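Chemist: Sequence plus the predicted model coming up.
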Amino acid sequence: MDIQIATLCDFAADYNGKMVITGTFDTLAGKVMPLVHPTCVLAMRLCITPEDSGQHKFTVNIIDEDGNSLDDKMPIEADMPIELPENVPFMTRNLILNLQGLKFPSDGVYSIDISVDDELVTRIPLRIVEMGEENKPV
């Protein structure tokens, strides 16, 4: 299984197998901490081959610099059974995970870890920045 795309963004949708991604980002800034981000999307595109057939566990975990989960809703886990039709060399699937009310307690670097069967396959860095009054645009 290959993760071809994994990004945080403002919006994502699947239109007949085509993924539309709008507003991808890697940094969030706020005037005060904790920073609460009202809504965003984790957009992923998977390429699956016959060797991937079987039962799998798919996990998403947002962690801080010390490896602690962001909150008690993490990690997000899902069973992922895979079965390809005969004579199909590969197929792709778009996964769109809407995330609401993410609360980052302090500034720093966080990571969105994506694992399959407890093996980390992708890590997306996310920087949280506190913008005090001295950094306020004029």
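Modeler: All right, it came through fine.
Chemist: Flag the shaky bits of this structure, pLDDT-wise.
Modeler: 133-138 (pLDDT under 70).
Chemist: Would you map the strands across it?
Modeler: 2-9, 11-15, 18-22, 27-30, 35-48, 54-63, 76-82, 91-104, 108-116, 119-130 (DSSP state E).
Chemist: right, and the ones you listed - which one's nearest S69?
Modeler: Evaluated with C-beta to C-beta, the strands of the chain place strand 54-63 nearest to S69, the distance being 5.8 Å. Heads up, the C-betas are built off the backbone N, CA and C, glycines and all.
Chemist: quick one: L8 and T27 touch, right?
Modeler: No: counting by C-beta atoms under 8 Å, T27 is not a contact partner of L8; they are 9.9 Å apart.
Chemist: Could you export the strands of the chain as CSV, including mean neighbour count?
Modeler: Formatted as CSV, the strands of the chain follow (neighbours: other C-beta atoms under 10 Å):
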stretch, mean neighbour count
strand 2-9, 16
strand 11-15, 15
strand 18-22, 14
strand 27-30, 14
strand 35-48, 18
strand 54-63, 17
strand 76-82, 13
strand 91-104, 16
strand 108-116, 18
strand 119-130, 15
